[in-house]
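Generate a structure from the sequence data that follows.
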Amino acid sequence: MTTPGANRGLFEVFRQRHLLSLIVRKEVQIRYRGSIFGWLWSYVKPLVQFVVFFVAIGVFLGLNDRVDYFPIYLLSGITVVTFFNEAFSNGTRSLVDNAALIKKIYLPREMFPIASMMIAAVNTVPQIIVVIAISLFFGWAPTFASLGAILLALIIIAVLASGLGLFFGSINVTFRDAQSFVEIIVMVAIWASPVMYEWTQVANVVPEWLFVLYRLNPITAAVELFHYGVWFPLGPDASPLPDVWMYGLIALVTSLIALVIGQLVFRRLEGRFAQDL
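A predicted model of the protein is given here:
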């Protein structure tokens, strides 16, 4: 028997998954409230991004000649980083944004960072569909390995963003500086991984030990796994990140550790939430 009011952390969140789904559905509906085209915008934006990347960066800056299928390469990486940035940023703000609700009723407070991650995942689905549709047009043929790489990349980002959202979200309740620190991380994230450039450009200029640290970045592993799943099957004149599967598994373990640490810190600071909010 569970003690009334007892919180079992993340287990309690998923035990009350109906409430979690209601929060996610409400936030997604709010995003498109009053919009004539609604979900259509979620598909138009990545298509416009593709055209802009192809013309502005690919044609004008000549990267279409240097990197095969460069717009797909770039859009794939941006899809992963956008998912992380949205889930992480919104997870950090989620407790403060829902202060009135937290102070009025009891529910697992972890629900808000987790809901933020799931909302970001829902918002990322149209962009993934667009990336895959464009890749199919250029001859992409899915395999178990490519689909597995895409799935693993998304799982890494979901777990990592949830853990960091719990960690920084709980700190942000008392110290709002955490939100500014997260904004810096989000700003750097797209440059700390091979999104705007290829991994070989890093390998050519940094010592081996620093390149290993670069590959240990979970976002780097997730981006390259997504590239492995969507971009590499098109046959570009490039090679995958060395040991991409091994570093992908290391990234998954790192993300799980971040989730555990985030939950522990969250539980430690949870008693101050109502007072500090």
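
So what's the residue count around Met187?
Applying other C-beta atoms under 10 Å, we find 11 other residues in the vicinity of Met187. Every residue, glycine included, has its C-beta placed from N, CA and C.

buried set for the helix or strand it falls within?
Following DSSP states H and E, one finds Met187 within helix 177-189. Neighbour-count burial for helix 177-189 flags Ala178, Gln179, Val182, Ile185, Val186, Ala189 (criterion: 16 or more other C-beta atoms under 10 Å).

The second one and Ala161: what is the separation?
Here Gln179 is placed at a distance of 15 Å from Ala161 (C-beta to C-beta, to the nearest Å).

Check the fifth one too.
Relative to Ala161, Val186 is positioned 11 Å away (C-beta to C-beta).

what do these two both touch?
Residues touching both Val186 and Ala161 comprise Phe88, with contact defined as C-beta atoms under 8 Å, 6 or more residues apart in numbering.

show me where this structure has helices.
Along the chain, the stretches classed as helices by DSSP state H are 10-15, 17-31, 40-52, 63-66, 70-97, 99-104, 111-137, 144-174, 177-189, 199-203, 208-216, 218-230, 244-269, 273-276.

Would you mind saying which of those lies nearest Pro236?
Proximity to Pro236 (C-beta to C-beta) singles out helix 70-97 among the helices of the chain, at 7.5 Å.

list the helices and strands the closest one packs on?
helix 40-52, helix 63-66, helix 111-137, helix 144-174, helix 177-189, helix 218-230 (3 or more C-beta pairs under 8 Å, 6 or more residues apart in numbering; DSSP states H and E).

contacts for the helix holding Met187?
For helix 177-189, the surrounding residues in contact (C-beta under 8 Å, 6+ apart) are Val81, Phe84, Asn85, Phe88, Ser89, Thr92, Arg93, Val96, Phe168, Ile171, Asn172, Ile219.

In the stretch 1-150 of the chain, where is pLDDT below threshold?
Counting by pLDDT under 70, the stretch 1-150 of the chain contains low-confidence ranges at 1-8, 32-39, 42.

in stretch 252-269, what's buried?
For stretch 252-269, the buried set under the neighbour-count rule, 16+ other C-beta under 10 Å, comprises Leu252, Thr254, Ser255, Ala258, Leu259, Gly262, Gln263, Val265, Phe266, Leu269.

follow-up on the earlier one: got a markdown table for the helices and strands packed on helix 70-97, with distance to Asp243 too?
Written out in a markdown table, the entries for those read as follows (distance: least, C-beta to C-beta, whole Å):
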| stretch | distance to Asp243 |
| --- | --- |
| helix 40-52 | 30 |
| helix 63-66 | 25 |
| helix 111-137 | 24 |
| helix 144-174 | 13 |
| helix 177-189 | 22 |
| helix 218-230 | 10 |
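
Looking at these, which one is packed in the most?
Burial of those is given as mean neighbour count (mean count of other C-beta atoms under 10 Å); helix 218-230 ranks first at a mean of 27.

Which secondary structure elements does that helix sit against?
helix 70-97, helix 111-137, helix 144-174, helix 244-269.

picking that back up, which one of the helices of the chain lies nearest to Ala238?
Evaluated with C-beta to C-beta, the helices of the chain place helix 199-203 nearest to Ala238, the distance being 7.6 Å.

Report the rounded mean pLDDT for that closest one.
Summarised as a single mean, pLDDT over helix 199-203 is 91.

which other helices and strands contact it?
The contact analysis (3+ C-beta pairs under 8 Å, 6+ apart) places helix 199-203 against helix 208-216.

how about the CA coordinates for the helix it packs on, as CSV?
This file holds the C-alpha atoms of helix 208-216, laid out as CSV (Å, rounded to 0.1, in the frame of the first residue of the first chain):
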residue,chain,number,x,y,z
GLU,A,208,43.5,12.7,-29.9
TRP,A,209,42.6,12.9,-26.2
LEU,A,210,40.4,16.0,-26.9
PHE,A,211,38.8,14.3,-29.9
VAL,A,212,37.9,11.4,-27.6
LEU,A,213,36.2,13.9,-25.2
TYR,A,214,34.4,15.4,-28.2
ARG,A,215,33.0,12.0,-29.1
LEU,A,216,32.0,11.4,-25.5
